[in-house]
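Engineer: Could you look at this predicted model? Sequence included:
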Amino acid sequence: MDLKFNKNEDAHRLQLSELKTKAEKLHLGGGKAKQEKHRGQGKMTARERIDFLKDKGTDFLELGLFAGEDMYPEEGGCPAGGVVMGLATVSGRQCLVVANDATVKAGAWFPITAKKNLRAQEIAMENRLPIIYLVDSAGVYLPRQDEVFADKEHFGRIFRNNSIMSSMGITQIAAVMGPCVAGGAYLPILSDEALIVKKTGSIFLAGSYLVKAAIGEDVDNETLGGALTHSEISGVTDYACEDDADCLKRIRYIVDKLGKTQDAGYDRVAPKPPARPSTDVFGLLPENRDQPYDMRNLLQCLCDEGEFQEYKAGYGKTLVCAYARIDGWAVGIVANQRLVVKNKKGEMQFGGVIYSDSADKAARFIMNCNQKHIPLVFLHDVTGFMVGSRSEQGGIIKDGAKMVNAVSNSVVPKITVVIGNSYGAGNYAMCGKAYDPRFIFAWPSARIAVMGGAQAAKTLLQIQTTTMKARGEEPSAEAEAELLNKITQKYDAQTSPYYAAARLWVDEIIDPAQTRNYISAGLQAANQAPRLREFNPGVIQT
């Protein structure tokens with residue numbers, strides 16, 4: 001390997017090391033001391049419960065690990081949003097598991113907790129996945145109740161989704177393994193089957209203190225809403241379990257009896273390894289995000305045997321559209337090309353920019369994939385659409401709209417991976433979060449924003465200095481430089497993949513060498529949901 005490859009590899013492995021360090025800290029939830037206190041109550045931690053629940057030798061594909069990161073400094077943070085979720089194989093069936101982490105503020109619901117739970121339900125609904133809730137929560141975090149209670153995408157939407165999912169025939173299993181308080185009590189009871197653990201599990205609309213204050217009744221929590229009350233008197237729960245292990249075994253037994261469902265019929269053959277090691281991506285992706293590289297080399301690390309068939313290879317060269325297989329799954333790939341190339345007219349086209357011909361090609365390719373029932377994989381490294389008088393006169397808006405329309409109306413599953421830049425309308429056209437990808441992942445090298453940091457910082461600087469001059473202030477060169485540096489630092493922090501993952505703009509920041517595994521697991525999930533409507537792009541300008 002050459003020096004450039006090694007330099008790139010060192011830089012990206014350093015980013016991966018940072019990712020793993022951050023992940024290890026988040027895996028501790030509220031910290032080791034709170035975990036030991038939790039175990040002292042006879043309970044497993046959220047991650048221990050999931051590890052016990054899933055089939056041995058299978059992976060737990062976590063989603064939303066960085067939810068809430070650095071968003072609640074006044075409260076001491078909310079690691080992973082106070083809830084662990086992801087894809088797990090249970091009794092041979094792929095399921096979505098959602099487990100409250102009671103070591104984080106007693107499992108209380110922050111605004112991001114609600115958003116993460118809603119994302120879990122969205123994934124289950126879109127992919128018709130059985131969902132398992134492991135409940136252990138003190139309810140809404142009251143100091144932020146105004147941010148989590150009353151709006152459409154707040155706490156109450158979860159119970160609405162419980163009801164909708166039931167009508168859709170999506171299996172929901174809830175295990176009450178700790179407190180389940182107030183409005184949160186509806187979640188397990190709106191599920192198909194509810195289990196409760198003796199001595200540690202409890203369900204009530206109001207705890208003993210509130211009951212005393214409201215109606216003057218003296219009653220302990222166990223009598224009010226413990227396992228005996230709800231399994232033998234009220235009939236609220238279906239199974240009373242001796243401990244966490246017994247509860248999780250019963251869930252495995254229930255899942256084992258689920259009937260087979262009709263899949264979507266996406267094509268898969270025996271997987272074959274890529275032509276190049278997956279770890280080669282570290283050396284192939286430039287350390288400097290403005291440097292060109294050939295996306296086809298990265299595809300050799302992702303596609304089975306490195307094989308892919310390009311669609312319109314000589315046309316619209318700043319996008320690579322290709323049919324391929326990833327871990328045996330047939331896919332259509334739409335990937336930004338970062339090489340500086342010439343079009344048919346001999347004009348230079350800059351890598352990472354979407355031109356009219358590229359958008360036109362991609363729109364038709366996406367329509368073809370829908371026609372052929374082939375899932376789509378989008379690989380982002382895009383700075384946006386081409387600007388300028390020539391592009392405007394050439395109809396860039398029309399061709400861009402054509403691509404956005406095709407992405408918006410696509411009925412086959414879309415899986416998005418942000419590997420580098422994802423700026424402006426390029427994010428939209430390449431199926432960013434707003435365009436309903438079944439799953440959206442980011443590499444540590446990802447950057448997501450309305451425009452690049454340098455351009456944005458200079459634009460914001462111009463606005464601020466103009467405002468200062470209008471007030472009669474004349475900033476010095478030193479003051480402008482200091483202001484530019486301050487703006488750049490703030491903007492760069494907001495384009496970080498961790499900033500995006502904290503707000504669930506992406507489902508997970510992943511090890512680039514594991515991209516095939518994440519795409520494959522996403523397609524496995526998507527294959528459980530038959531297509532409900534035919535592709536109809538509506539009116540498209542030609």
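Structural biologist: Looks like it arrived, so ask away. What you are looking at is a predicted structure, and each value in this text was computed from that prediction instead of being measured.

Engineer: show me where the stretch 201-350 of the chain has helices.
Structural biologist: Taking DSSP state H, counting those that start in this stretch, the helices of the stretch 201-350 of the chain run over residues 208-215, 221-225, 227-228, 244-256, 281-284, 295-302.

Engineer: So which elements touch the fifth one?
Structural biologist: Secondary structure elements in contact with helix 281-284, counted by 3 or more C-beta pairs under 8 Å, 6 or more residues apart in numbering; DSSP states H and E, are helix 3-26, helix 295-302. For the C-beta atoms, the positions are set from N, CA and C on the backbone; glycine is no exception.

Engineer: Among the ones you listed, which comes closest to residue 90?
Structural biologist: The closest approach between residue 90 and any of those, judged by C-beta to C-beta, belongs to helix 3-26 at 23.0 Å.

Engineer: Can I get the helices of the stretch 201-350 of the chain in TSV including mean pLDDT, mean neighbour count and distance to residue 421?
Structural biologist: Rendered in TSV, the data for the helices of the stretch 201-350 of the chain read as follows (pLDDT from 0 to 100; neighbours: other C-beta atoms under 10 Å; distance: least, C-beta to C-beta, whole Å):
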stretch	mean pLDDT	mean neighbour count	distance to residue 421
helix 208-215	81	12	51
helix 221-225	83	17	52
helix 227-228	88	19	53
helix 244-256	98	18	41
helix 281-284	97	23	16
helix 295-302	98	21	13
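
Engineer: any chance of those helices in TSV, plus distance to residue 70?
Structural biologist: As requested, the helices of the stretch 201-350 of the chain are arranged in TSV below (distance: least, C-beta to C-beta, whole Å):
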stretch	distance to residue 70
helix 208-215	33
helix 221-225	35
helix 227-228	39
helix 244-256	31
helix 281-284	26
helix 295-302	30
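
Engineer: Looking at those, which is nearest to residue 530?
Structural biologist: Residue 530 sits nearest to helix 244-256 of all these, at 20.6 Å, using C-beta to C-beta.

Engineer: Highest mean neighbour count out of the helices and strands packed on helix 281-284?
Structural biologist: With neighbours taken as mean count of other C-beta atoms under 10 Å, the helices and strands packed on helix 281-284 reach their highest mean count in helix 295-302, at a mean of 21.

Engineer: Contacts made by it with the rest, please.
Structural biologist: In this structure, residues lying in contact with helix 295-302 by C-beta atoms under 8 Å, 6 or more residues apart in numbering are 274-278, 280-281, 284-285, 306, 308, 320, 322, 324, 326, 333, 335-339, 379, 381, 419, 515-516, 519.

Engineer: I'd like the distance from it to the chain centre, please.
Structural biologist: Centre-to-centre, helix 295-302 and its host chain are 23 Å apart (C-alpha atoms, centre = their mean, to the nearest Å).

Engineer: May I have that helix exported as CSV, CA atoms only?
Structural biologist: Only the C-alpha atoms of helix 295-302 are listed here, as CSV (Å, rounded to 0.1, in the frame of the first residue of the first chain):
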residue,chain,number,x,y,z
MET,A,295,-16.3,5.5,-5.4
ARG,A,296,-15.9,2.3,-7.4
ASN,A,297,-13.0,1.3,-5.2
LEU,A,298,-15.2,1.5,-2.1
LEU,A,299,-17.8,-0.6,-3.8
GLN,A,300,-15.3,-3.4,-4.2
CYS,A,301,-15.2,-3.5,-0.4
LEU,A,302,-19.0,-3.6,-0.1
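
Engineer: picking up where we left off before, save the helices and strands packed on helix 281-284 as a markdown table, and put in distance to residue 404 too.
Structural biologist: Formatted as a markdown table, these follow (distance: least, C-beta to C-beta, whole Å):
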| stretch | distance to residue 404 |
| --- | --- |
| helix 3-26 | 31 |
| helix 295-302 | 21 |
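
Engineer: What score does the residue of the chain most remote from its centre have for pLDDT?
Structural biologist: Relative to the centre of the chain, and counting by C-alpha atoms, centre = their mean, the farthest-placed residue is residue 472 at 47.3 Å. Residue 472 is assigned a predicted lDDT (pLDDT) of 81.

Engineer: give me the element it is part of.
Structural biologist: When elements are defined using DSSP states H and E, residue 472 is found to belong to no helix and no strand.

Engineer: picking that back up, mind giving me the PyMOL select for the contacts of helix 295-302, buried ones only?
Structural biologist: Selecting in PyMOL just the buried members of these, where the criterion is 16 or more other C-beta atoms under 10 Å, is done with this command:
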select buried, resi 274+276+278+280+281+284+285+306+308+320+322+324+326+333+335+336+337+338+339+379+381+419+515+516+519
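
Engineer: Let me know the distance separating the closest residue to residue 375 other than its chain neighbours from residue 437.
Structural biologist: When the adjacent residues along the chain are set aside, residue 375 lies closest to residue 413, with 4.4 Å between them (C-beta to C-beta, 6 or more residues apart in numbering). Relative to residue 437, residue 413 is positioned 8 Å away (C-beta to C-beta, to the nearest Å).

Engineer: what does residue 14 give?
Structural biologist: Applying C-beta to C-beta, one obtains 28 Å for the distance of residue 14 from residue 437.

Engineer: can you check residue 501 too?
Structural biologist: Here residue 501 is placed at a distance of 15 Å from residue 437 (C-beta to C-beta).

Engineer: Kindly provide the distance from residue 9 to residue 3.
Structural biologist: If you measure residue 9 against residue 3 using C-beta to C-beta, the figure is 11 Å.

Engineer: Helix or strand, whichever it is, which one in this structure has the lowest mean pLDDT?
Structural biologist: Across the helices and strands of the chain, mean pLDDT, DSSP states H and E gives its lowest value to helix 453-470, namely a mean of 73.

Engineer: for this structure, which spans come out with low pLDDT?
Structural biologist: In the predicted model, the chain carries pLDDT under 70 at residues 1, 183, 453-454, 456-457.

Engineer: Tell me which of the helices and strands packed on helix 281-284 sits nearest to residue 429.
Structural biologist: Of all the helices and strands packed on helix 281-284, the one in closest proximity to residue 429, counting by C-beta to C-beta, is helix 295-302 (16.1 Å).

Engineer: At which residues are the strands of the stretch 401-542 of the chain located?
Structural biologist: Applying DSSP state E, counting those that start in this stretch to the stretch 401-542 of the chain gives strands spanning 414-423, 439-442, 447-449, 508-509.

Engineer: For residue 533, which of those strands is the nearest?
Structural biologist: When those are ranked by distance to residue 533, counting by C-beta to C-beta, first place goes to strand 414-423 at 15.0 Å.

Engineer: tell me what the closest one is packed against?
Structural biologist: Taking 3+ C-beta pairs under 8 Å, 6+ apart as the contact cut, strand 414-423 packs with strand 376-382, strand 439-442, strand 447-449, helix 515-526.

Engineer: by how many degrees do the first one and helix 515-526 diverge?
Structural biologist: Here the directions of strand 376-382 and helix 515-526 differ by 140 degrees (axes from the mean of the first three to the mean of the last three C-alpha atoms, to 10 degrees).

Engineer: What is the subsequent helix or strand relative to strand 376-382?
Structural biologist: For strand 376-382, the succeeding helix or strand toward the C-terminus, using DSSP H and E, is strand 384-385.

Engineer: Quickly run through the sheet partners of that next one, with directions.
Structural biologist: For strand 384-385, sheet partners with direction are given as strand 353-354 (parallel), following DSSP bridges.

Engineer: Would you mind measuring from the residue nearest to residue 375 to residue 404?
Structural biologist: Summarising the geometry, the distance separating residue 413 from residue 404, computed by C-beta to C-beta, is 18 Å.
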